[in-house]
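Predicted model follows, preceded by the sequence.
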Amino acid sequence: MIRLENVTKTFRGARVLDGISLEIGLGERIALIGSNGAGKTTLIRCLLGEYVHDGLITIDGLDPRRERARVLGQIGFVPQLPPPLRMPVGRLIDFAASLCGTAPGRIEDIAERLGLHVDAIRSRPFVRLSGGMKQKLLIALALGRDARLLFMDEPAANLDPEARKIFFELLAGHADHAAMLISSHRLDEVASLVNRVVEMDMGRVVLDDALAGSVELGSVLACRIVLKHFEPAFAKTLDGWRFAADAERLVWRGAVAAPDRLRFLGAVARYAGLLSHFSLGEH
Ligand SMILES: Nc1ncnc2c1ncn2[C@@H]1O[C@H](COP(=O)(O)OP(=O)(O)OP(=O)(O)O)[C@@H](O)[C@H]1O
């Protein structure tokens, strides 16, 4: 579906992509990881047809530079940095919907599911939304259409756990009939979302591996935690994950989206000394 052969990109003599060859098929969910400046965003921008480069890129046999409109018609893209658009939210949704042949209502439904109430912000310029609101709207614009390819640059970074859970469910709805490329600095942020990891360093692919034991995107794990004593900071963390406690605030129960489990375990690990019981598993 996506094919890169020996793709090289230089900016003013500096080689930013250095002979990248990759094949990506339908149903693949790839974590594109690597440190700052490794070339992840540049690679995605090449796939979007934004840069001239050496080597070959085809998406379903099409060259993204020469047949840009057709290629972009298949791609849902969530950028790392929200564009500084002054357009009011309502007009932006209508505009994006008409460009990619979808119904504005479909985009709005997804935004609502993520907890963004479009009616309340319809006339507000996009640029005036909070970071999390922008992220939710950009995700709704990318997922509210029939995209066969989803490119996402740190897509869930600004979302609260509840919105992340919905986001994973939405991705699950696209998993079988799309290929996804999810870029991140940290593998633990995206590990449970993907079934393949591609790591870049200084413009090269240094690791390309299938991930065993990848979880169902839409599944949810039940968690029960018993504390030795009450600790306000930990209670605040668990409140943030929408956990409920008993009257003494010692026994906590909640649900964790399976793709979020590493992130959750990371948050809990800081308080490991407080735990007298911890269980996390399928309902
Ligand atoms: N338009 C540009 N002009 C000049 N240099 C650029 C341009 N875009 C990116 N670069 C350079 O290319 C290198 C790779 O940048 P890129 O944004 O692709 O990395 P990245 O892996 O996405 O990093 P990050 O995780 O920090 O977003 C960096 O050294 C960057 O300075």
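Received, thanks. Residues are numbered from 1 along each chain as shown.

Please determine how far the nearest residue to D208 once chain neighbours are set aside is located from the ligand.
The shortest distance from D208 to any non-neighbouring residue, by CB to CB, 6 or more residues apart in numbering, is to V198 (5.1 Å). (Each C-beta comes from the backbone N, C-alpha and C, glycine too.) As judged by CB to the nearest ligand atom, to the nearest Å, V198 and the ligand stand 12 Å apart.

ok, now P82?
14 Å.

With adjacent residues omitted, what lies nearest to that residue?
Spatial nearest neighbour of P82, excluding adjacent residues (CB to CB, 6+ apart): K134 at 4.1 Å.

what's the residue nearest to D208 in contact with, if anything?
Counting by CB atoms under 8 Å, 6 or more residues apart in numbering, V198 makes contact with 22, 30-33, 205, 207-208.

Check whether it sits in a helix, strand or coil.
Here V198 is recorded as strand under DSSP: H, G, I helix; E, B strand; the rest coil.

Across the sheet, point out what pairs with it.
Note on V198: beta-bridge partners L32, D208, judged by DSSP bridges.

Just the buried residues of the host helix or strand of the residue nearest to P82, please?
Taking DSSP states H and E as the criterion, K134 maps to helix 131-143. The neighbour-count criterion (16 or more other CB atoms under 10 Å) identifies 132-143 as the buried residues of helix 131-143.

from the chain's centre, how far out does that helix sit?
10 Å (CA atoms, centre = their mean, to the nearest Å).

so, in contact with the ligand or not, the helix or strand following it?
Using DSSP H and E, the next helix or strand after helix 131-143 towards the C-terminus is strand 149-153. No: figure legend: strand 149-153 not in contact with the ligand (CB under 6 Å from any ligand atom); closest approach 7.3 Å.

Please report the distance of F95 from I110.
16 Å (CB to CB, to the nearest Å).

which one of the two has more residues nearby?
Neighbour count, other CB atoms under 10 Å: between F95 and I110, I110 has more, with 24 against 13.

Distance check, the closest residue to D146 other than its chain neighbours against D109.
For D146, ignoring the flanking residues on the chain, the nearest one in space by CB to CB, 6+ apart is T102 at 7.2 Å. The gap separating T102 from D109 is 11 Å, by CB to CB.

Name the residues contacting each of those two.
Listed as contacting both T102 and D109 by CB under 8 Å, 6+ apart are G144.

could you list every residue that touches the residue in the stretch 51-200 of the chain that the ligand sits nearest to?
The nearest approach of the stretch 51-200 of the chain to the ligand comes at H185, 5.5 Å away (CB to the nearest ligand atom). Contacts for H185 were tallied using CB under 8 Å, 6+ apart; they are 33-36, 154.

out of these, what pair is the most spread apart?
With CB to CB as the measure, no two of those lie farther apart than S35 and E154, at 13.5 Å.

before we move on, the earlier item: now the contacts of H185 as TSV including neighbour count and distance to the ligand?
Shown next, in TSV, are the contacts of H185 (neighbours: other CB atoms under 10 Å; distance: CB to the nearest ligand atom, whole Å):
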residue	neighbour count	distance to the ligand
I33	24	9
G34	23	5
S35	11	7
N36	6	3
E154	20	8
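
pLDDT at Q80, what is it?
On pLDDT, Q80 comes in at 80.

ok, how many other residues are close to it?
Number of residues near Q80 (other CB under 10 Å) recorded here: 14.

Please name the residues that touch the residue lying closest to it once chain neighbours are set aside.
Using CB to CB, 6+ apart and skipping residues adjacent in sequence, the residue nearest Q80 is D153, 3.5 Å away. Neighbouring residues of D153 by CB under 8 Å, 6+ apart: 40-41, 44, 78-80, 183.

What is the most widely separated pair among the residues you listed?
Longest span within the contacts of D153, CB to CB: K40 and V78, 13.5 Å.

what packs against the worst-scoring helix or strand of the chain on mean pLDDT?
None of the helices or strands of the chain scores lower by mean pLDDT, DSSP states H and E than helix 187-190, at a mean of 74. Secondary-structure packing of helix 187-190 (3 or more CB pairs under 8 Å, 6 or more residues apart in numbering; DSSP states H and E): strand 29-33, helix 261-269.
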